[in-house]
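1. Give me coordinates for this.
(chains A and B)
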Amino acid sequence: MSSHQPPTLTTPERPSAVRRPGSSHASAWGRGFLVKLVLLAAVDALGVYGVLAAWNAESHGLMAVLLVLLVVANWVYFSRRALPLKYILPGLIFLLVFQIFVVLYTGWVAFTNYGDGHNSPKGQAVEALLVQNERRVEESPAYPLTVVADDEELGFAILTDSGQVRVGTSEQPLEDAPDAEVADGVVTTVPGYEVLPRQAVIERQAEVTTLRVPVSPDPEDGSIRTQDARSGYVYLSALEYDETADTMTDVVTGTVYRPNDDGQFEAEDGSTLGVGWRVFVGVDNFVTAFADARYATPFVKILAWTVAFAVLSVVTTFLLGLFLAITFNDPRLHGRRIYRTLLILPYAIPGFLAALLWSGLLNRRFGFINDVLLGGAEIGWLTDPTLAKLSVLGVNLWLGFPYMFLICTGALQSIPGDVMEAARIDGAGRWRTWRSITLPLLLVSTTPLLISSFAFNFNNFTLIYMLTGGGPRFQDASVPLGHTDILISMVYAVSGVDGSAPKNYGLASALSIVVFLIVATVSAIAFKRTRSLEEIN
Amino acid sequence: MATSAPAVPARRRMTPRRYMSELGWRHLVGVVAVVYAGFPLVYVISASLSERGTLTGSNDLFSQVSIANYEALGDTYFWTWVANTLIIAVVTGVGTVLMGAAAAYAFSRFRFSGRRAGLTALLIIQMFPQMLAFVAIFLLLLGIGNVVPELGLNSKLALICVYLGGALGVNTFLMYGFFNTVPRELDEAAKIDGATHGQIYWTIILRLVSPILAVVGLLSFIATFGEFIIARVVLQSEANWTLAVGLYGWVSALLEANWGLFAAGAVISALPVLALFLFLQKYIVGGLTAGSVKG
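-> The predicted model follows:
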């Protein structure tokens, strides 16, 4: 490509050089330059803020990414060379972060056991284990304790044996507060904090009794907790982490836990500690999806239904749309415009509203269809496995036929009249013309749209989720999946982001990859075939 | 309804039989189709005007006409959701147009190394629907939120950013084809007159391609308006929800009791999209067809 470039297009300096030597859009003090300067200054300010925030949060990956983006942005907009990038960069950054990165990240998560019990890197898991297994140290002294608040955040101030006052919150480990005042062996004021009155303490009792204030930044030093808001005790973890041996030891029972391949600490007898960490599990998630009966059985059923749903949706909507397009394609027909406007109404309603509306219409006991049209019959349109599938297809037909009607009308009208005339002169009858001329031409222009429609319906989450919620449920499934679930809603259910099932990001991501592969393959093949179809015609 | 009026054959009178076989049946089909397409809409309007606001109470069409349900919307988060949805959809629409048009301009007007590869890459990337990656989006925002809470989970701004991530993939092709139809001679002439590439872009090209900008903006607005899965995953507190998330909540919890409220909300939230659609039908349909065929 670059070898053919016409020089005038890539050297923006040239025209300006003609005007005024040495000036260019990149530095001339015109209005555009000032706008650019202000925008970039704003971007830089936000970027620097982001970098500092990332530095504070010790999020080094994010910081590096932000720095690189900042440098690139400044280079692109102040250099004279990166002309095309000046136009592509804004969109490109969003594309890189929120599309390409998330796709790659999906790929990475698919090979890990990220999910409930394996939420964090190992270091954080160790900390969480130490904190969760804290208990009061026997015979430990009781410190006089005062509940304080820093804005809304609660904290404790304690009086140590040596008469020092120490104060902290759940985020802020205990530190000395030399300026605090003590009266009758109780802390009464602490600078920077507000001492909570008794009444407020009682109101927030639940918060106070679950609050833990770390003694020091090291979780092994334990924390201060209280039961009565008057005296605090030191709590120490019943577990002890040995960094060099990488083992957890239960100091009470003496059991030693070692890390296993699944990202958990495991004892000799096979028992494990509750909190694990993320590890690579290879293709385990894919194996689970295809081989573990809990997932594989529903997966196969759901895959079959997804394909059937997507294909049938396209076919039914296309046929009805085509039929209506032919019906209204007679120029002698009065009121064509009115028909057309009324018929596209379902398409102009946002899909989620339509799905919710139909879920009410099809309600088993009170819905309009059963109650009024069918005279009080209690037909389980959305609760019977077969009927639910038919209902989903029916509702999608209602939603989708106007679109097909519109594109078929457009395609029919764009078929050149001379072709039809030639066919008539050659003696082709109505049916013959339709079959050999109209339909092939129609398919050429609509096939790409039919493929897009297939891909859209393959992932038509909104319809399924809002109409049936995937139900009725499979009887045997331990996972919340049902007869009308399609792959994308299965991914949603398995991921557990809505809290209805244990979170399993790894498996959900693996399933996403499978869905993507299916859609991509179908699209690729179909597009390839249409291109050849176009060439033939 | 105007459609049910008998159509009088245009010039020559046809025999009734011939009329039926050529035109009459078309009206018959038309009326049936209009009833099929329209009755749920008539129903929802009636339900929204029903006084009792229950699912059963909504089955006698127009037996009561009251605006109680519409008034009751004021006691809920509904108007907050409307505002959220409009803000998110408008900002996303505008951002999509600006970024997509800029990229399409670059691909259409400049020749640079990596141009062809870039176009091909976009074609492939757009095949991966962003919603499939909702788990990764959730985790990414979780991570960003630890650093910059304004861009983390439960932020409308973060949701807009996520939507803008899809801006290039889907729309650049649609626009690229259209940009190519604007003759290059125009920008060459301007260039000779001393216009910079920025001036050419903002003052010449963008005006000439305004129909496609309208189409892309509209499609983006409508898509964002109805997007559910990512909005549901990202926005967590009720005050930040969009209409799709909020109305789903009403219907899924206590369907029976909230039905009138939902119906009223549905009527109001369908209006902006419906209006856009009916006024700009031609553009939207043209854009749909043109874009996909070229893509």
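
2. Centre of the chain to stretch A:457-467, how far?
-> Distance of stretch A:457-467 from the chain centroid (Cα atoms, centre = their mean, to the nearest Å) equals 16 Å.

3. touching chain B at all, that stretch?
-> Yes. Contact of stretch A:457-467 with chain B (Cβ under 8 Å from any Cβ of the partner chain) involves A:459, A:461-462, A:465-466. All C-beta atoms are positioned from the backbone trio N, CA, C, and that covers glycine.

4. In JSON lines: those, plus pLDDT.
-> Output for the residues of stretch A:457-467 next to chain B, formatted as JSON lines (pLDDT from 0 to 100):
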{"residue": "A:Asn459", "pLDDT": "89"}
{"residue": "A:Phe461", "pLDDT": "92"}
{"residue": "A:Thr462", "pLDDT": "92"}
{"residue": "A:Tyr465", "pLDDT": "91"}
{"residue": "A:Met466", "pLDDT": "90"}
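
5. Quick one: the strands in the stretch 1-150 of chain A, in order.
-> For the stretch 1-150 of chain A, strands defined by DSSP state E, counting those that start in this stretch occupy the ranges A:134-136, A:143-150.

6. Give me the residues contacting the first one.
-> Outside of strand A:134-136, the residues within contact range by Cβ atoms under 8 Å, 6 or more residues apart in numbering or on different chains are A:212, A:222-223, A:225, A:233-238.

7. out of the residues you listed, which is most surrounded?
-> Of all the contacts of strand A:134-136, A:Ser223 has the most neighbours under the rule other Cβ atoms under 10 Å in any protein chain shown, reaching 25 neighbours.

8. residues contacting it?
-> A:131, A:134, A:212-215, A:234-235.

9. try it again with 10 Å
-> By Cβ atoms under 10 Å, 6 or more residues apart in numbering or on different chains, the contact set of A:Ser223 is A:130-131, A:134, A:156, A:168, A:170, A:173-174, A:211-216, A:232-237.

10. ok, now A:Arg212?
-> By Cβ under 10 Å, 6+ apart, A:Arg212 lies in contact with A:131, A:134, A:156, A:169-170, A:222-226, A:235.

11. can you check A:Val148 too?
-> Applying Cβ under 10 Å, 6+ apart, the residues contacting A:Val148 are A:154-157, A:167-169, A:177, A:180, A:187, A:189-190, A:192-196.

12. Show the buried residues in those residues.
-> The neighbour count (16 or more other Cβ atoms under 10 Å in any protein chain shown) marks A:154-157, A:167-169, A:177, A:180, A:187, A:189-190, A:193, A:195-196 as buried among those.

13. For chain B, state which of those residues is nearest.
-> Proximity of those to chain B (Cβ to the nearest Cβ) peaks at A:Thr169, which lies at 18.1 Å.

14. if I look at the closest residue to the closest one other than its chain neighbours, how far off is A:Val190?
-> Leaving aside its chain neighbours, A:Thr169 sits nearest to A:Gly155 (3.6 Å; criterion: Cβ to Cβ, 6 or more residues apart in numbering or on different chains). As judged by Cβ to Cβ, to the nearest Å, A:Gly155 and A:Val190 stand 9 Å apart.

15. any common contacting residues for the two?
-> A:146, A:148, A:167.

16. how's chain A carved up into domains?
-> Domain ranges of chain A: A:2-101, A:135-237, A:289-536, per automatic domain parsing.

17. Most tightly packed of these?
-> Looking across those with neighbours counted as mean count of other Cβ atoms under 10 Å in any protein chain shown, the highest average goes to domain A:289-536: a mean of 19.

18. Of the contacts of A:Arg212, which belong to strands?
-> Judged by DSSP state E, the contacts of A:Arg212 include A:134, A:156, A:169, A:223-226, A:235 as members of strands.

19. so what's the residue positioned nearest the centre of chain B closest to, chain neighbours aside?
-> With distances taken as Cα atoms, centre = their mean, B:Ile222 lies nearest the centre of chain B, 0.9 Å away. Nearest residue to B:Ile222, sequence neighbours excluded (Cβ to Cβ, 6+ apart): B:Val273, at 5.7 Å.

20. if I read this right, A:Ala355 contacts B:Val251, doesn't it?
-> Yes. The criterion here is Cβ atoms under 10 Å, and A:Ala355 meets it with B:Val251 at 9.4 Å.

21. quick revisit: need the contacts of strand A:134-136 in JSON lines (columns: distance to B:Glu185 and pLDDT).
-> Shown next, in JSON lines, are these (distance: Cβ to Cβ, whole Å; pLDDT from 0 to 100):
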{"residue": "A:Arg212", "distance to B:Glu185": "74", "pLDDT": "82"}
{"residue": "A:Gly222", "distance to B:Glu185": "78", "pLDDT": "79"}
{"residue": "A:Ser223", "distance to B:Glu185": "75", "pLDDT": "82"}
{"residue": "A:Arg225", "distance to B:Glu185": "79", "pLDDT": "82"}
{"residue": "A:Tyr233", "distance to B:Glu185": "85", "pLDDT": "82"}
{"residue": "A:Val234", "distance to B:Glu185": "83", "pLDDT": "81"}
{"residue": "A:Tyr235", "distance to B:Glu185": "80", "pLDDT": "81"}
{"residue": "A:Leu236", "distance to B:Glu185": "81", "pLDDT": "78"}
{"residue": "A:Ser237", "distance to B:Glu185": "77", "pLDDT": "77"}
{"residue": "A:Ala238", "distance to B:Glu185": "81", "pLDDT": "76"}
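
22. Show the low-confidence segments of the chain, by residue range.
-> Using chain A. Applying pLDDT under 70 to chain A picks out residues A:1-29, A:477, A:530-537.

23. meant chain B actually
-> Along chain B, segments meeting pLDDT under 70 span B:1-13, B:53, B:57, B:254-257, B:282-295.

24. Spell out which residues make up each domain of it.
-> Split by automatic domain parsing, chain B gives B:2-71, B:77-294.

25. From the contact counts, what lies against the helix or strand encompassing A:Tyr492?
-> Assigned by DSSP states H and E, A:Tyr492 belongs to helix A:487-495. Here helix A:487-495 touches helix A:284-291, helix A:293-327, helix A:461-467, helix A:505-536, helix B:134-147, helix B:229-234, going by 3 or more Cβ pairs under 10 Å, 6 or more residues apart in numbering or on different chains; DSSP states H and E.

26. Since that was my last question, I'll sign off now.
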